[in-house]
Each structure stands twice: as C-alpha cells, then as structure tokens.
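*Asks:* When you get a sec, could you give me coordinates for this:
(one chain, ligands or ions: 2)
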Amino acid sequence: MKFSNAFLTRQVKYRLAGRFTLESPFSARRRVVQAYDHESGKRVALKQGSPERLGREWARLNTLSVRGVLPPTLLLPAMGLMVFPWLPSANLALRLLADDISPLEGLAVLKQVGEAVCHFHRQGVLHGDIKPANIIPALGGVLIDFTDASDIGMPVSQVIPCYLSPAFAAPGVLRNQGRMRESFDWFSMAVTLELMVFRQHPFSGKTILDISEHAWRSGHHCFDWKACCRGHEITPAEFMDVLDHCFHAVETRCAGVHQAEDASLPSAGVDREWSRVRTA
Ligand SMILES: Nc1ncnc2c1ncn2[C@@H]1O[C@H](COP(=O)(O)OP(=O)(O)O)[C@@H](O)[C@H]1O
Ligand SMILES: [Mg+2]
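*Replies:* Ligands and ions are numbered 1, 2, ... in the order given. As a prediction, this is how the structure comes out:
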C-alpha cells in the first residue's frame with residue numbers, strides 16, 4: 001500500500017510535531033526540506049517517506065560510522081519522517097549546474113566520499129545510487145541517501161530498486177545480472193568524477209547500454225568506458241589513481257597560473273581550472 005503523508009501539503013512556517021518549523025515546503029518531488037528544530041535550537045533536514053523505507057535507511061545508517069556519511073538524529077516512523085543535521089550546501093549536481101564549485105573542492109569531496117565508500121564496502125554495504133544529487137559538498141564531502149543500499153553479494157534481481165538512476169548505473173545493474181558487487185558503486189563514482197571534470201556525461205545515451213562505440217563522446221576520458229561496457233570493472237585502486245591524477249593536474253596548472261599571473265586564481269578560474277584539467 002502506498003504511504004501517503006499529509007505533510008506534503010503543509011506550507012512553510014508550519015510547526016510539525018510541535019517541534020519543527022518548516023523553512024521550505026514539502027512537495028511531491030521534494031521529500032527533504034529544511035526546518036528549524038526548537039528542541040535542539042538547530043537547523044535540520046526532514047526526510048519524508050514511508051515508515052518501511054525510512055526504517056530501512058535508518059537501520060542501515062546506524063550500522064555505519066564513517067566520515068563522509070551523515071548519521072540521522074531521529075526517526076519518527078508514525079509521522080513518516082527522519083531527521084538529519086542540515087548541511088549548508090546544495091547538492092553536487094546543483095553546484096555543478098550553477099558552476100559554483102572549484103575543481104579542488106570538487107575533487108576533495110570525491111576523495112572523502114571515495115574513502116567512505118571503501119569503508120562501508122568493507123562492512124559489506126553497497127550504496128547503490130551514487131550520483132551528484134546524492135553528494136553534498138559540505139563537511140568535506142558527504143554521501144547521502146542510503147534508501148537503496150543493499151548487502152554486497154545479494155542477487156541483483158532481488159535488489160534492483162525502482163528508483164534506479166540509469167545514467168550512473170553499471171552495466172551489471174542495468175542488465176539485472178549476477179550479484180551486487182563493489183564495482184557497481186565504483187562505476188557510479190567514476191561517472192560522477194568524469195561529469196565533474198569534463199562537465200558532461202561521458203556517454204551520450206541515457207545509459208551505458210544505450211550506446212554503441214560511435215556514440216562515445218569525443219574528447220578525453222578519465223576512464224576506459226569502452227572496456228567498462230565490455231565487462232571491465234573499475235576497482236577502488238583505479239578510481240583513486242585517476243582521482244590523484246586529476247588532483248595533480250589541477251595543482252600543477254594552478255601553480256603555473258599563480259606564477260604567470262602572480263595572483264590568486266581569478267573568479268573565472270573555476271572554469272579555467274577545469275578546462276586545464278581536461279587537456280592535461
Ligand atoms: N542533511 C541534508 N542537508 C541539506 N540538504 C539535504 C540533506 N539531505 C538531503 N538534502 C537535499 O535533499 C535532496 C534529496 O535528499 P535524498 O536523501 O537524496 O532523498 P531522495 O530519496 O528524495 O533522493 C538531496 O539531493 C539534497 O539536495
Ligand atoms: Mg537522492
């Protein structure tokens with residue numbers, strides 16, 4: 001049965017549970033809103049959902065304690081709400097869209113998120129939906145939304161969520177084959193990194209399965225997507241190597257700019273830095 005939540009229609013300033021004042025409204029598409037918690041005196045994020053889904057995410061997050069993953073502070077299942085500390089940044093997808101993140105910050109965020117991914121993989125947990133909209137460039141980089149997290153080793157056919165983001169999903173996930181494995185998250189991390197570096201998706205179809213060789217976007221790539229399509233699975237070491245290479249490219253180019261212009265990077269530097277990474 002579909003869980004329907006009356007708060008979806010509540011407006012800003014509405015006081016929820018006698019405790020939270022909504023600072024942005026819920027809507028059918030917006031399930032996480034900003035609110036003020038009168039009890040703690042802090043700003044929080046309220047996530048709305050069915051008690052089952054929220055309960056799953058709550059239980060999963062409570063088994064993880066790692067920098068880069070935000071623990072929830074409260075679950076109110078009867079109200080269909082979970083409470084998180086509010087992170088003072090738009091998600092990475094929006095920050096990239098607004099051209100509002102520097103290359104070094106973006107890479108550092110992915111490094112911290114990558115380390116968190118290594119950590120929870122060792123605990124047998126797969127995130128399953130890594131993409132820029134689920135990464136918040138605050139606190140050094142936070143991976144959110146463990147709604148679709150699963151156990152490594154489960155049959156893909158038993159897990160595949162209906163909320164799957166196909167543009168970031170590994171071929172094995174899209175083919176609904178085999179077992180859930182670490183490389184699925186690394187594939188999504190790799191697409192995210194490329195999107196950040198080149199500001200465009202590495203393949204032009206909606207998903208990696210849509211494309212044929214001639215549909216690869218022209219130009220440079222950080223990863224060998226053709227090989228990925230043919231079954232190569234990206235490893236954590238490979239991802240971290242590429243990330244380090246990007247760091248090195250940015251740092252080297254920045255140093256060059258500083259020397260040449262004898263000044264810190266100009267405001268248009270974000271774009272410039274990235275275009276230098278692209279050609280490095
Ligand atoms: N703790 C938080 N602080 C600030 N914004 C958040 C927080 N959690 C989520 N968001 C915002 O809400 C959006 C949706 O959150 P998410 O947990 O991914 O839910 P959904 O399952 O609806 O995708 C995120 O993309 C992010 O912009
Ligand atoms: Mg999400």
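*Asks:* what kind of secondary structure is V44 in?
*Replies:* Following DSSP: H, G, I helix; E, B strand; the rest coil, we place V44 in the strand state.
*Asks:* give me the beta-bridge partners of it?
*Replies:* A35, P85 (DSSP bridges).
*Asks:* List the buried residues of stretch 66-82.
*Replies:* V66, G68, V69, L70, P72, L74, L75, L76, M79, G80, L81, M82 (16 or more other CB atoms under 10 Å). The way it works is simple: take the backbone N, C-alpha and C, and place the C-beta from them, glycine included.
*Asks:* Dump those residues into a markdown table; add secondary structure as well.
*Replies:* Conversion of these to a markdown table gives the following (three-state DSSP):
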| residue | secondary structure |
| --- | --- |
| V66 | coil |
| G68 | coil |
| V69 | strand |
| L70 | coil |
| P72 | coil |
| L74 | strand |
| L75 | strand |
| L76 | strand |
| M79 | helix |
| G80 | coil |
| L81 | strand |
| M82 | strand |
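*Asks:* ok, of these, which one's closest to R122?
*Replies:* Among the buried residues of stretch 66-82, V66 lies closest to R122 (CB to CB), at 9.8 Å.
*Asks:* which one is the closest one nearest to, not counting chain neighbours?
*Replies:* Of all residues not flanking V66 in the chain, H119 sits nearest, at 4.4 Å (CB to CB, 6 or more residues apart in numbering).
*Asks:* and the gap between D185 and H121?
*Replies:* Distance of D185 to H121, computed by CB to CB, to the nearest Å: 7 Å.
*Asks:* How about stretch 77-97 and ligand 2, any contact?
*Replies:* No - Stretch 77-97 does not reach ligand 2 (CB under 5 Å from the ion); its nearest approach is 8.0 Å.
*Asks:* buried residues in that stretch?
*Replies:* So, applying 16+ other CB under 10 Å, buried residues of stretch 77-97: 79-87, 89-92, 95-96.
*Asks:* Of the residues you listed, which are in range of ligand 1?
*Replies:* F84, W86, L87, N91 (CB under 6 Å from any ligand atom).
*Asks:* S27: which of these is nearest?
*Replies:* Distances from S27 to these, taken by CB to CB, are shortest for N91, at 16.5 Å.
*Asks:* Surely the closest one is in contact with G141?
*Replies:* No - assessed by CB atoms under 8 Å, N91 is found out of contact with G141, at 11.4 Å.
*Asks:* Quickly list what's touching both of those two.
*Replies:* Common contacts of N91 and G141, defined by CB atoms under 8 Å, 6 or more residues apart in numbering, comprise I135.
*Asks:* Any idea how many residues pack against the closest residue to ligand 1 within the stretch 101-250 of the chain?
*Replies:* Nearest residue of the stretch 101-250 of the chain to ligand 1: D145, at 3.3 Å (CB to the nearest ligand atom). D145: 21 surrounding residues under other CB atoms under 10 Å.
*Asks:* can you confirm it is in a helix?
*Replies:* No - D145: not assigned to a helix; according to three-state DSSP it is coil.
*Asks:* What residues does it make contact with?
*Replies:* Neighbour list for D145: E57, D129, N134 [criterion: CB under 8 Å, 6+ apart].
*Asks:* In what element of secondary structure is the nearest residue to V32 once chain neighbours are set aside found?
*Replies:* Closest residue to V32 apart from its sequence neighbours, by CB to CB, 6+ apart: K47 at 4.8 Å. Element membership for K47, per DSSP states H and E: strand 42-48.
*Asks:* Do you know the pLDDT at the residue of the chain found nearest ligand 2?
*Replies:* Closest residue of the chain to ligand 2, CB to the ion: D145 (3.6 Å). The score at D145 is 97. That number is its pLDDT.
*Asks:* How about V33?
*Replies:* On the pLDDT scale, V33 gets 93.
*Asks:* same thing with the one 3 residues further on?
*Replies:* Each residue has a pLDDT score; the one for Y36 is 95.
*Asks:* and if you look at L265?
*Replies:* Taking L265 on its own, its pLDDT is 37.
*Asks:* Show me the chain divided up by domain.
*Replies:* 5-85, 92-273 (automatic domain parsing).
*Asks:* Which one of the ones you listed has the poorest average confidence?
*Replies:* When I compare those, domain 92-273 is least confident, with a mean of 85.
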